[in-house]
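In: Structure of the sequence below:
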Amino acid sequence: MRNILIIGIGAGNPDHMTIEAIAALNRADVLFIPDKGEEKAALRALREGICARFIRSPDYRTVPVDIPRRGEAGSDYHGVVDDWHERIATRYRALFEAQLAAGQTGALLVWGDPALYDSTLRIMERVVASGLPIDWQVYPGISSVQVLAARHRIPLNTIGAPILITTGRRLAAGFPADQDSVVVMLDGEQAFARLDPDRLDIYWGAYLGTPDEILLAGPLSELSAEIVSVRAAARARHGWIMDTYLLRRRPAA
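Out: I've put the predicted structure just below:
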């Protein structure tokens, strides 16, 4: 039986690694490091830096995982994602069989928290369903949403009220009428710029937890164009960007 550890490593600051996650890292014989090409080389380096800092034994191995690109979503978003997950699961299974002997432990290092807008757990379910004998555990991490709130020194919710965590794709349909606090992730198209900004504040952050962190907050009507510009410049400079934000509706006067 092979063992796989799914370890949340936080949003980018090695100091955000939990004691439990560090202990899990030190149980791994092989670390499977996703490789998304040169544009994400900085993310790969951050993972490698975390391993070098926290793993006590020099006996572990790292194995690169070439992650296939997802197809264009078009009108069949769920079908495209399903196909993408299946291709990644097939790749993981092949690597687990080739690189892990029976009784050995492998680890996948996941940005933020594995349960929050990340596909790793669904992909692992496919690997297990394929018939490969695997035992696996999940270790939570500090998410970019938590770091965003901490950096802006705000609670995510107003008193006694709920929050909604959604994607840019869903926000593009409009700000939910029944919500006052909406956290938005995976917004590559800056859906906030197409909303009616009336009574909306935005708390935006990019590269959270890293030395390149950028924060902007204020009325959406005043910051929308600036965030679009700052985001585009940062992406051009680094070759990639990870950002998230909270939209909050101000009470009516």
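In: Give the buried residues for stretch 129-143.
Out: Of the residues in stretch 129-143, L132, I134, W136, V138, Y139, P140, G141, I142, S143 count as buried by neighbour count, 16 or more other C-beta atoms under 10 Å. In this view, the C-beta of every residue, glycine as well, is placed from N, C-alpha and C.
In: ok, R2 - contacts?
Out: By C-beta atoms under 8 Å, 6 or more residues apart in numbering, the contact list for R2 reads F96, L100, A101, A102, G103, Q104, T105, G106, L132, P133, I134, D135.
In: how many neighbours does the first one have?
Out: The burial metric for F96, expressed as a neighbour count using other C-beta atoms under 10 Å, is 19.
In: So it belongs to a strand, correct?
Out: No: per DSSP: H, G, I helix; E, B strand; the rest coil, F96 lies outside any strand segment and is helix.
In: where does the stretch 51-200 of the chain have low pLDDT?
Out: Within the stretch 51-200 of the chain, the stretches with pLDDT under 70 are 73-74.
In: same thing but at 80, please
Out: For the stretch 51-200 of the chain, the stretches with pLDDT under 80 are 71-75.
In: now the strands for it?
Out: Under the criterion DSSP state E, counting those that start in this stretch, the stretch 51-200 of the chain contains strands at 61-66, 105-110, 134-139, 164-167, 181-185, 200-206.
In: CSV for the contacts of R2, including distance to A89?
Out: CSV is the format used below for those (distance: C-beta to C-beta, whole Å):
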residue, distance to A89
F96, 10
L100, 16
A101, 21
A102, 20
G103, 23
Q104, 20
T105, 19
G106, 15
L132, 10
P133, 15
I134, 12
D135, 17
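In: Closest one of these to A149?
Out: Taking C-beta to C-beta as the measure, A149 sits nearest to G106 out of the contacts of R2, at 32.7 Å.
In: who's in contact with the closest one?
Out: By C-beta under 8 Å, 6+ apart, G106 lies in contact with R2, N3, I4, L5, A28, D29, V30, L31, F32, F96, Q99, L100.
In: Just the buried ones from those?
Out: Among the contacts of G106, the ones that count as buried by 16+ other C-beta under 10 Å are R2, N3, I4, L5, A28, D29, V30, L31, F32, F96, L100.
In: Among these, name the ones in helices.
Out: Per DSSP state H, helices hold the following members of these: F96.
In: Closest to E20 out of the buried ones among the contacts of G106?
Out: Ranked by distance to E20 (C-beta to C-beta), those are led by L5 at 10.6 Å.
In: Name whatever forms a beta bridge with the nearest residue to the closest one once chain neighbours are set aside.
Out: Residue nearest to L5 in three dimensions, not counting chain neighbours: A107, with 4.4 Å by C-beta to C-beta, 6 or more residues apart in numbering. For A107, the beta-bridge partners under DSSP bridges are L5, L31.
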